[in-house]
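>>> The following block contains a protein sequence and its predicted model.
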Amino acid sequence: MTMNEINDYIEDCVEPQYITDSLVPLLYRLGTNYDQLNAIARELNLGESIENILKYLNLGLLDERYEYYDMTLTFRTGVTYTKRIGLDILYPEYSFGMNQTFNTKTGRVNYDFSFHAPSEAFVFDNDQIMFDLTKITDKEDANETYTPDEDDDVTFALLDDLISVELKTREKTLNY
């Protein structure tokens, strides 16, 4: 099912007070079919939480609550940084920090910052997952207040250079 099909079904069949912003993207990521969606909609209308529904209906949708992703940060300086992260797929949120120097074509660039991405910062657009950078919180940038030495060959760049954060599902491998 597409995200639009799931959204239409949920809007038609679930009382508005039980619909959350994260419900449709979650059901899309879980790969629900119409039969599963029907059972979920009935339980939501009875006031059950999505967590309890997935746990107790035995729909085979949620074998593991945590999924692993390759998170790629892209900066205005041309620097990209990729890291493997794990997320709770029911309640995604992530805190990130880095202090790293990168070699680029124009010289060395350092980033030294941290931030928190609450659930509201996650944007689920069909198969793409991104952060809405306007919704990240607890931003701290050590380079804002750092004064480099005159002979330092490193550019101390700022968190403001961050232009995107994208997550891609890691390939699952079977070990025999």
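Alright, I've got the coordinates. Numbers count the residues shown, from 1 in each chain.

>>> residues of stretch 25-44 that come out buried?
25-30, 32, 36-37, 40-41, 43-44 (16 or more other C-beta atoms under 10 Å). For every residue, glycine as well, the C-beta is placed using N, CA and C.

>>> D8: which of these is nearest?
Minimum distance to D8 across the buried residues of stretch 25-44 is 10.5 Å, recorded for L37 (C-beta to C-beta).

>>> what bits of the protein have low per-residue confidence?
Judged against pLDDT under 70, the low-scoring parts of the chain cover residues 59-64, 126-127, 171-176.

>>> Find the centremost residue of it, please.
The centroid of the chain falls nearest to F122 when counting by C-alpha atoms, centre = their mean (4.6 Å).

>>> Can you get me the start-to-end distance on stretch 36-55?
Across its full length, stretch 36-55 reaches 13 Å between end residues, using C-alpha to C-alpha, to the nearest Å.

>>> Need the contact partners of that stretch.
Outside stretch 36-55, the residues that touch it by C-beta atoms under 8 Å, 6 or more residues apart in numbering are 1, 6, 9-10, 13-15, 18-20, 23, 26-27, 30, 32, 57, 59, 61-62, 90.

>>> again with stretch 137-157
Here stretch 137-157 makes contact (C-beta under 8 Å, 6+ apart) with 75, 77, 79, 95, 99, 101, 107-118, 121, 158-160.

>>> let's go with 7 Å and repeat that
By C-beta atoms under 7 Å, 6 or more residues apart in numbering, the list of residues contacting stretch 137-157 from outside reads 75, 77, 101, 107-116, 118, 158-159.

>>> From R76, how far out is the closest residue to Q100 other than its chain neighbours?
Counting by C-beta to C-beta, 6 or more residues apart in numbering, Y111 is the residue found nearest to Q100 once chain neighbours are left out, at 6.0 Å. With distances taken as C-beta to C-beta, to the nearest Å, Y111 is found 11 Å from R76.
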